[in-house]
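Enquirer: show me how the following folds:
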Amino acid sequence: MSKIICAIHVFDMNKIPFNRGLKDVGGAITDPREKTDLIITTIESYLSHDPGVDCKFVIVNQGTDNKYTQAYLSQLQRRGHVDVANAPDVVWPGPFGSRHFMWNAYPDYDYYFETDSDNLVMQDKWLKFLMKRMYDDPQIGLLGAYLDREGYQAPSTVDWITKEGITIDPPIIKYNSGTFTLIPKHIFQGFDKYWGKKWFNQGKNYHEWTAVMGELYFAFRVEQLGYKNMDLLNDYTDLLYSLLVPDSKFPNMTVGSVDEYPTKPFICPFFNTYLAQLAPEKLKWIKSHYKDCTKVTGEINKCQ
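Expert: Below you'll find the model as predicted:
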């Protein structure tokens, strides 16, 4: 049986608002209590839903200085069945730097599911659903959310180094948003083999650590190893951008003013926590849609 670890990354600094890119449209969260409420809603959603397969939960504290979040993490540790690991952002920058930490700190697992603290789950058997996709296609090296299908021109702010150690021109990369990832152990082993055990070693600022070294470089390395980056979108599954990224709920942001509803019998089991707070009526409708999904016969039953 595969050993699976599930990590939720918490970066919660008092001076840095959540969703800070949404400040002009009223989407940023600055109040420390509200930020902690969002984190609690996220974490408790994972702890209260049956993943469908056994997994170990780890909360990765990336150096929060929010006293309310600190108190909640201390309370979590006292529960005893959840690890709280400290991975300061200054050492392991950004959500993908902390994925590097998880691989170093917990090297004996077969699969690593990781997500940010503003991405809740709203259905049982969510991990079983992800693992089925991974088992069905051994060529998947990273399973995530919202694959960029056209490809993105990588910037020249870091060196793009192949597994043979050759520096190439910045490539065009099809990448996942990083909202969540499921990565098998052998991918991290490949990173160690070809790029050294300190492979998260470039970047000069937070954008480069999160977007360039994170979302883009992870996808680049996965492809260099001969594997695929894959999202949950298929013939039976809707993966709606507005459910995953709060920017898309507001006008003039990432993809404009978007209000999507699923049209397929199954949808991605994840939802942006802040959107759940902003649009509870939408979440209620989606949960109703999930209930209807259990009645669908045929191929979709293989995913449940």
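Enquirer: which ones are touching Gly196?
Expert: Not one residue lies near Gly196 by CB atoms under 8 Å, 6 or more residues apart in numbering. No exception for glycine: its C-beta is placed from N, CA and C like everyone else's.
Enquirer: where does Thr73 land in three-state SS?
Expert: For the record, residue 73 is Leu, not Thr. helix (DSSP: H, G, I helix; E, B strand; the rest coil).
Enquirer: residues in contact with the residue nearest to it when sequence neighbours are not counted?
Expert: Nearest residue to Leu73 in three dimensions, chain neighbours excluded: Val84, at 5.2 Å (CB to CB, 6 or more residues apart in numbering). In this structure, Val84 makes contact with Val58, Ile59, Asn61, Leu73, Leu76, Gln77, judged by CB under 8 Å, 6+ apart.
Enquirer: mind listing what the one helix or strand Val84 maps to pairs with, with the direction of each?
Expert: Assessed by DSSP states H and E, Val84 sits inside strand 83-86. Take DSSP bridges as the rule and strand 83-86 pairs in its sheet with strand 56-61 (parallel).
Enquirer: now do the partner strand, average pLDDT.
Expert: Averaged over strand 56-61, pLDDT sits at 97.
Enquirer: could you pull out the buried residues of it?
Expert: Phe57, Val58, Ile59, Val60, Asn61 (16 or more other CB atoms under 10 Å).
Enquirer: would you format those as CSV with distance to Ala28 included?
Expert: Below are those laid out as CSV (distance: CB to CB, whole Å):
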residue, distance to Ala28
Phe57, 28
Val58, 28
Ile59, 23
Val60, 23
Asn61, 22
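Enquirer: hmm, which two among these are most spread apart?
Expert: Phe57 and Asn61 (13.4 Å; CB to CB).
Enquirer: for the spatially closest residue to Ala219 that is not a sequence neighbour, give its distance to Lys56.
Expert: Nearest non-adjacent residue to Ala219, counting by CB to CB, 6+ apart: Tyr175, 3.8 Å away. For Tyr175, the distance to Lys56 equals 27 Å [CB to CB, to the nearest Å].
Enquirer: for the chain, what spans make up the helices?
Expert: Assigned by DSSP state H, the chain shows helices spanning 32-48, 67-79, 94-105, 126-136, 185-195, 206-207, 217-224, 241-244, 273-278, 280-293.
Enquirer: let's see the pLDDT reported for Tyr290.
Expert: For Tyr290, the model assigns a pLDDT of 65.
Enquirer: burial of Leu233, as a residue count?
Expert: Residues near Leu233, counting by other CB atoms under 10 Å, number 17.
Enquirer: so it makes contact with Lys264?
Expert: No. Contact criterion CB atoms under 8 Å: Leu233 and Lys264 do not qualify, at 9.1 Å.
Enquirer: any weak-confidence spans in the stretch 151-300 of the chain?
Expert: Scanning the stretch 151-300 of the chain for pLDDT under 70 picks out 241-260, 289-300.
Enquirer: the nearest residue to Leu120 once chain neighbours are set aside: neighbour count?
Expert: Leaving out its chain neighbours, the residue that sits closest to Leu120 by CB to CB, 6+ apart is Ser45, at 3.9 Å. Residues lying near Ser45 (other CB under 10 Å) number 20.
Enquirer: identify the residues contacting Ser45.
Expert: For Ser45, the contacting residues are Leu120, Val121, Met122, Thr273, by CB under 8 Å, 6+ apart.
Enquirer: check Gly178 too.
Expert: Pro95, Phe96, Asp116, Gly144, Ala145, Thr210, Gly214, Glu215, Phe218.
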